[in-house]
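Visitor: Please work out how this folds:
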Amino acid sequence: MGVGRRMKKQAAPEPLSEAHYAKLKRKAGIPVEAIEEPQKKRKMGKASATTGNSTPVSKRRERKAALKNGNGVKGSDKAKGPKELPAHRQGKKAAAAKAPVLEGSDDEEMDDEFANSDLEAGDSDEAPNGALGDDFLGSDNDDDDSVFDSDEEGRARAIFSEDEDESDGEEKLTAANMAGLSAKLDRQMEEEAAADEAELKEAALQTNIAGDKPKVLEDDDDDDDLAAKTKAMLAPDLQLLRTRITENIRVLDDFANLHQEGRSRAEYTAQLLKDVCAYYGYSDYLAEKLYNLFTPREAFAFFEANESARPVVIRTNTLRTNRRELAQALINRGVTLEPVGKWSKVGLQVFETSVPLGATPEYLAGHYILQAASSFLPCMALDPQEHDRVLDMAAAPGGKTTYLAAMMKNTGFIMANDPNRARSKGLIGNVHRLGASNVIVSNYDAREFPKPMGGFDRVLLDAPCSGTGVIAKDPSVKTNKTQLDFMQLPHLQKQLLLAAIDSVSHNNKPGGGYIVYSTCSVTVEENEEVVQYALRKRPNVKLVDTTIPFGKEGFTSYRGKKFDASMNLTRRYYPHTYNVDGFFVAKFHKTGPTPAKAPAGSRGGKQDEDNVIIDKTPIAADEEEATQDDFGGWDEDEDEEIMEKGKRNAMRRRGIDPRSTSKKTKKAEK
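Guide: Residues are numbered from 1 along each chain as shown. Take a look at the predicted model:
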């Protein structure tokens, strides 16, 4: 349908002719006189020039009033063809029977929007008195909008054929039915809310989020079934295990409300550790040790993070290039990368690469080195200055050493030491490839320092450890670490840290005398306990801020054990929090000379292996706590035998016969 009448620019409508009134009377069956003026046939959809297609507003109002009083022109009750009144227009008229449409209706005249079709509101049976029906033009309903007046405002909107989007079944909102429609709408909203609540309850029942008590532990009556399942754990149902782990964690998070009656927290914890060992492949000892470091939910996140590899990170060698140029060169070779974070100005994280990163021309030219992001942290904490004298006690394979050289801009002096001769070859290769010209490589047992050289301004000790922070890189750690490892490694780390402290000079120059201790482990025995030991044995050092802009604070208390209050200056890093390898960093500042009677590794003298003083007392705040808590203590007889065996093995590796040394010792005693 074309543009409506309201949208057209038009002049005043022409008055109706006598021929038009004669036609209306003829349709109604009223005798009329001869037609003096024949009606011209007009084209489809256009108004005729001789037959007016509309009525002026004033005349239509007069005729409407006259028809209402029964004095107007008589016609049929309904002259409307196929057009049908909407439901909200029908009202009381819907009860009346519909009359058949007269055959004499002119279809052409139905095309005009406001012409004869508006006047011929509908064809109906003849009125008994021959007068026009109530529905012709004006009816007894003053609100009838069958005649649309475009000039009047406030009238009901006309219904056109374009209005197909409106449902004829909708009720028209009036003052009379407003309350009813509002109540109906309220009922519909209540029904929808009830349906939504029922759906939510059903979903909560399926996903166990409605606060129900999940059944994690088996009952005593189910022992036979549980035994059968245990025997079948050679190929465990991983989905069942994971579901039970998540439900168990949910119970432990809200134990008071969700636990089963008669079940203790220890039972839930034991079941959780058993499932973790079966699902992730940890040994019972290591799973419990790592679990105790976190809350149950965070421990689950830690175990889960260890199953995925950390991002591949490269460090820009600023001795040869800068990060922008390196990134552009690698992007041109098909490498997708971005900066590792705001905390580092040299790191680039690689997402995808079409070329091997260890064989590009940029790699061979020494523009970058593959290095884990966590390995940046100890160097950033040490923060060496130009012209410093620096010792890297465990330098292989050279990532940290070359980073220190770049930070010092190839000035000063770096002694890169590693006790393993085979690993020293890789260290030398990286030093040459990256152009670190201020580095000297040595091959000493780091515990012998400061005998080869002392008086350093700064010392970096990245100590050998159990590797519990790099399980994603070395999954064998899950099963090959035993309680013996966590007794021997801390002992070695304590000796190395004391040697590092003794190798530093506190008065060489202002801003010197710093030691950084780091491990790729997350256990307390290798981190906070070793630092606490150094603070007790070397009162001339103190912990200072690492200046690293992120990281969790170290433990000041752990399972009833109290550490120095300054332990919160150390930093811990976990794979599930920062997406880096598990790491620990502590920074010391040496404020005075080493005491004359300090044990093991002091004053630069050579220590006879058989005469090394070993502190075997547990770390405690006072003597009472040491006697009450055996955490970190030693079984003297058992430990003595283990350490003696380790010493003999170390002597054999160096080509020394342990028996000859023991004979010399006995002779000296006599």
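Visitor: CA atoms for contacts and neighbours, from now on please.
Guide: Noted.
Visitor: Against which helices or strands is the lengthiest helix in the chain packed?
Guide: Of all segments of type helix in the chain, defined using DSSP state H, the longest is helix 178-207. Helix 178-207 sits against no helix or strand, with contacts defined as 3 or more Cα pairs under 8 Å, 6 or more residues apart in numbering; DSSP states H and E.
Visitor: ok, and what's touching the helix or strand where Val276 lies?
Guide: Val276 belongs to helix 265-280 when elements are defined using DSSP states H and E. With Cα atoms under 8 Å, 6 or more residues apart in numbering as the test, helix 265-280 has contacts from 216-217, 236, 238, 241-242, 244-245, 248-249, 252, 255, 282-284, 287-288, 291, 303.
Visitor: Filter the residues you listed down to the buried ones.
Guide: 216-217, 241, 244-245, 248-249, 252, 282-284, 287-288, 291, 303 (16 or more other Cα atoms under 10 Å).
Visitor: show me the contacts for Arg421.
Guide: The contact partners of Arg421, by Cα under 8 Å, 6+ apart, come to Asn443.
Visitor: Next, find the distance separating the nearest residue to Val335 once chain neighbours are set aside from Asp284.
Guide: With Cα to Cα, 6 or more residues apart in numbering as the criterion, Val335 has its nearest non-adjacent residue at 4.2 Å, and that residue is Thr353. Thr353 sits 39 Å away from Asp284, going by Cα to Cα, to the nearest Å.
Visitor: Distance check, the residue nearest to Leu238 when sequence neighbours are not counted against Arg297.
Guide: Of all residues not flanking Leu238 in the chain, Tyr279 sits nearest, at 6.5 Å (Cα to Cα, 6+ apart). Remark: distance between Tyr279 and Arg297 (Cα to Cα) = 16 Å.
Visitor: again, but for Ser521
Guide: Distance, Ser521 to Arg297, by Cα to Cα: 20 Å.
Visitor: Which of those two has more residues huddled nearby?
Guide: Ser521 (25 against 16; other Cα atoms under 10 Å).
Visitor: For that one, give me the backbone phi and psi.
Guide: Main-chain torsions, Ser521, degrees, to the nearest 10: phi -130, psi 160.
Visitor: Can you read off the pLDDT for it?
Guide: With respect to pLDDT, Ser521 has a value of 96.
Visitor: pretty sure it is touching Pro464, no?
Guide: No: Ser521 lies out of contact with Pro464 (Cα atoms under 8 Å); the separation is 9.3 Å.
Visitor: what about Ala194, neighbour count?
Guide: 12.
Visitor: so what pLDDT did it get?
Guide: Ala194 is assigned 88 on the pLDDT scale.
Visitor: show me what contacts it?
Guide: Taking Cα under 8 Å, 6+ apart as the test, Ala194 contacts no residue whatsoever.
Visitor: one more time with 10 Å
Guide: Counting by Cα atoms under 10 Å, 6 or more residues apart in numbering, Ala194 touches Gln188, Leu200.
Visitor: how far away is it from Arg187?
Guide: Distance, Ala194 to Arg187, using Cα to Cα: 11 Å.
Visitor: One more: Pro384?
Guide: Pro384 sits 75 Å away from Arg187, going by Cα to Cα.
Visitor: do the same with Asp639
Guide: According to Cα to Cα, Asp639 stands 79 Å off from Arg187.
Visitor: Between these two, which has more neighbouring residues?
Guide: Per other Cα under 10 Å, whichever of Asp639 and Arg187 has more neighbours is Asp639, with 15 against 12.
Visitor: for the more buried one, helix, strand, or coil?
Guide: Look at Asp639: counting by DSSP: H, G, I helix; E, B strand; the rest coil, its state is helix.
Visitor: Please tell me how far it sits from Ser264.
Guide: Between Asp639 and Ser264 the distance is 36 Å, computed by Cα to Cα.
Visitor: Name every strand pairing with the longest strand seen in the chain and say which way it goes.
Guide: If you go by DSSP state E, the chain has its longest strand at strand 583-590. Looking at strand 583-590 with DSSP bridges, its partner strands are strand 514-519 (antiparallel), strand 541-544 (antiparallel), strand 571-573 (antiparallel).
Visitor: Just send those back as CSV, with mean neighbour count and distance to Asn417 too.
Guide: Formatted as CSV, the strands paired with strand 583-590 follow (neighbours: other Cα atoms under 10 Å; distance: least, Cα to Cα, whole Å):
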stretch, mean neighbour count, distance to Asn417
strand 514-519, 27, 15
strand 541-544, 20, 23
strand 571-573, 24, 25
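Visitor: Any chance of CSV for these, columns distance to Glu529?
Guide: Converted to CSV, the strands paired with strand 583-590 look like this (distance: least, Cα to Cα, whole Å):
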stretch, distance to Glu529
strand 514-519, 12
strand 541-544, 14
strand 571-573, 14
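Visitor: Of these, which is nearest Glu325?
Guide: Minimum separation from Glu325 across those (Cα to Cα) falls at strand 571-573, 30.3 Å.
Visitor: Toward the C-terminus from the closest one, list the very next helix or strand.
Guide: Using DSSP H and E, the next helix or strand after strand 571-573 towards the C-terminus is helix 575-578.
Visitor: Please export the C-alpha coordinates of stretch 192-201 as PDB.
Guide: Output of stretch 192-201 as PDB, limited to C-alpha atoms (Å, rounded to 0.1, in the frame of the first residue of the first chain):
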ATOM      1  CA  GLU A 192       7.300 -16.700  35.100                       C
ATOM      2  CA  ALA A 193       9.100 -16.100  38.400                       C
ATOM      3  CA  ALA A 194       7.800 -19.400  39.700                       C
ATOM      4  CA  ALA A 195       9.000 -21.200  36.600                       C
ATOM      5  CA  ASP A 196      12.400 -19.600  36.800                       C
ATOM      6  CA  GLU A 197      12.800 -20.600  40.400                       C
ATOM      7  CA  ALA A 198      11.800 -24.200  39.700                       C
ATOM      8  CA  GLU A 199      14.300 -24.300  36.900                       C
ATOM      9  CA  LEU A 200      17.000 -22.900  39.100                       C
ATOM     10  CA  LYS A 201      16.300 -25.500  41.800                       C
END
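Visitor: Ser308 and Val580 touch, don't they?
Guide: No: checked against Cα atoms under 10 Å, the pair Ser308 and Val580 is beyond contact range at 11.2 Å.
Visitor: Between the two, which has more neighbouring residues?
Guide: Val580 (20 against 13).
Visitor: Show the backbone phi and psi for the more buried one.
Guide: Residue torsions, per degrees, to the nearest 10, at Val580 are phi -130, psi 170.
Visitor: how close does it get to Ile471?
Guide: Noted for Val580: a distance of 12 Å to Ile471, by Cα to Cα.
Visitor: tell me, what's touching those two both at once?
Guide: Ala305, Ala309.
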